[in-house]
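Colleague: The amino acid sequence is not available; the structure is as follows:
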């Protein structure tokens with residue numbers, strides 16, 4: 001009897017250890033500014049139990065913290081439509097995953113990676129800590145993206161980059177630096193494309209068709 005109890009306890013300990021050491025599973029959500037990444041994440045979280053981490057939101061939260069050593073630097077990059085140093089973004093994402101109460105250890109990361117430097121930094125700092133399951137690419141025209149962002153800004157989004165001047169730089173950054181990232185991941189068989197110019201419900205219906213391939 002004692003031996004059986006001891007064996008059972010050891011199995012429980014091993015199971016608990018496996019849970020606590022489980023690597024987070026990550027799905028990147030990429031697309032242009034205003035492509036509907038955040039809205040799509042909302043639907044996936046609701047139906048598949050992922051936690052949503054917005055790289056942009058994490059940076060804006062860090063910028064707003066009183067006394068943050070990165071606040072001024074982050075604000076300059078956001079206002080100019082340029083990319084924040086990858087070390088800062090990765091450290092914020094890592095901290096968010098470590099402190100998350102998501103029981104499945106599954107995370108949607110939207111708005112990252114945005115260039116080759118982001119990928120290099122991610123591979124250096126995070127590749128051994130997580131499992132990348134796939135990349136969902138929200139395809140949307142520049143005209144639709146721009147109008148969505150302007151409407152968002154007009155409705156009081158509170159984002160300093162939801163204006164025409166910043167959007168010009170943001171689109172240039174996206175075309176020059178982010179699209180090649182999509183092509184890189186596509187060669188690895190990790191990209192799932194969706195037409196995000198449809199209604200949010202229609203976009204999610206399209207995603208739901210291929211999401212089981214990603215794993216949940």
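Modeller: That came through fine. Remember, predicted model here, so these are calculated numbers, not experimental data.
Colleague: From residue 115, how far out is residue 213?
Modeller: 27 Å (Cβ to Cβ, to the nearest Å). Yep, even glycine has a C-beta here, placed from its N, CA and C like the rest.
Colleague: more neighbours, those two?
Modeller: residue 115 (18 against 10; other Cβ atoms under 10 Å).
Colleague: for stretch 203-216, which positions count as buried?
Modeller: Going by neighbour count (16 or more other Cβ atoms under 10 Å), the buried part of stretch 203-216 is 203, 204, 206, 207, 211, 214.
Colleague: er, stretch 97-114 I mean
Modeller: 97, 105, 106, 107, 108, 109, 110, 111, 112, 113, 114.
Colleague: Please flag which of these sit within helices.
Modeller: Among the buried residues of stretch 97-114, the ones falling in helices (DSSP state H) are residue 97.
Colleague: Can you flag which of the buried residues of stretch 97-114 belong to strands?
Modeller: 106, 107, 108, 109, 110 (DSSP state E).
Colleague: And stretch 60-67, how far out from the chain middle?
Modeller: Offset of stretch 60-67 from its chain centre (Cα atoms, centre = their mean, to the nearest Å): 19 Å.
Colleague: could you point out which element follows the worst-scoring helix or strand of the chain on mean pLDDT?
Modeller: When each helix and strand of the chain is scored by mean pLDDT, DSSP states H and E, helix 2-20 comes last, with a mean of 40. Counting by DSSP states H and E, the next helix or strand C-terminal to helix 2-20 is strand 25-31.
Colleague: got the angle for that next one vs strand 106-110?
Modeller: 20 degrees (axes from the mean of the first three to the mean of the last three Cα atoms, to 10 degrees).
Colleague: What is strand 25-31 packed up against?
Modeller: Counting contacts by 3 or more Cβ pairs under 8 Å, 6 or more residues apart in numbering; DSSP states H and E, strand 25-31 packs against helix 37-48, strand 106-110, strand 131-139, helix 179-187.
Colleague: what do you get if the cut-off is 7 Å, keeping everything else the same?
Modeller: helix 37-48, strand 106-110, strand 131-139 (3 or more Cβ pairs under 7 Å, 6 or more residues apart in numbering; DSSP states H and E).
Colleague: can you put those in a markdown table and add distance to residue 192 and mean pLDDT?
Modeller: What follows is these, written out as a markdown table (distance: least, Cβ to Cβ, whole Å; pLDDT from 0 to 100):
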| stretch | distance to residue 192 | mean pLDDT |
| --- | --- | --- |
| helix 37-48 | 11 | 94 |
| strand 106-110 | 13 | 96 |
| strand 131-139 | 5 | 95 |
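Colleague: tell me the most buried of the ones you listed?
Modeller: With neighbours defined as mean count of other Cβ atoms under 10 Å, the helices and strands packed on strand 25-31 peak in mean count at strand 106-110, which reaches a mean of 24.
Colleague: next structured bit after it?
Modeller: Moving toward the C-terminus from strand 106-110, the next helix or strand (DSSP H and E) is helix 116-125.
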